[in-house]
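A.B. asks: When you get a sec, could you give me coordinates for this:
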Amino acid sequence: MIGLLFAAIMVPEIRPPLVRSELPCAVPAQGRRPTLESLPRPLHVFFIFAFIEPEMVYYFYDRLGFTTTQFVLFTGGYGLAMVAGQPTLGGLSDRLGRRPVIAAGFSP
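C.D. replies: This next block holds a predicted model:
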């Protein structure tokens, strides 16, 4: 929570106003949209992982029989994939568009 607070206060907006106004979710010039209205739909997607994550540990240990080392390697690999994949695929979708990147993600 402290990190979120510092990020909200200290991290500057890096997109120029012109780019922000061209975004499909841009705030109208006459006023701000309420926070809940600005979130993407369906809203329940944000809360699904909150219910899956606590049970995930038991699933890996009890059902799959993971050792502590295997669990750490799995979750660490997942974290590294997120760290590498998000900026890489985000930059690629900025250059090529979202549809080709999503289509490539669905291909085997």
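A.B. asks: Show the average pLDDT along the lengthiest helix in the chain.
C.D. replies: In the chain, with assignment by DSSP state H, the single longest helix is helix 68-96. Averaged over helix 68-96, pLDDT sits at 88.
A.B. asks: tell me which residues in that helix are buried?
C.D. replies: Going by neighbour count (16 or more other C-beta atoms under 10 Å), nothing in helix 68-96 comes out as buried. Where you see a C-beta, it was placed from the backbone N, CA and C, and this is true even at glycine.
A.B. asks: How about stretch 54-65?
C.D. replies: Applying 16+ other C-beta under 10 Å to stretch 54-65 flags residue 60 as buried.
A.B. asks: Straight-line length of it, end to end?
C.D. replies: Distance across stretch 54-65, first residue to last, is 17 Å (C-alpha to C-alpha, to the nearest Å).
A.B. asks: can you check stretch 94-108 too?
C.D. replies: Terminal-residue distance, stretch 94-108 (C-alpha to C-alpha): 23 Å.
A.B. asks: Identify the residues contacting that stretch?
C.D. replies: Under the criterion C-beta atoms under 8 Å, 6 or more residues apart in numbering, residues 89, 92-93 lie in contact with stretch 94-108.
A.B. asks: In terms of distance to residue 52, which of these ranks first?
C.D. replies: residue 89 (22.3 Å; C-beta to C-beta).
A.B. asks: follow-up on the earlier one: now tabulate the contacts of stretch 94-108 in TSV and tack on distance to residue 75.
C.D. replies: Shown next, in TSV, are the contacts of stretch 94-108 (distance: C-beta to C-beta, whole Å):
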residue	distance to residue 75
89	20
92	25
93	26
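A.B. asks: all helices of the chain, in order?
C.D. replies: Remark: helices assigned in the chain by DSSP H are 2-10, 17-22, 35-38, 45-58, 68-96, 98-106.
A.B. asks: what is the rounded mean pLDDT of the shortest one?
C.D. replies: This points to helix 35-38. Helix 35-38 comes out with an average pLDDT of 66.
A.B. asks: How about the second one?
C.D. replies: Regarding helix 17-22, the rounded mean pLDDT is 55.
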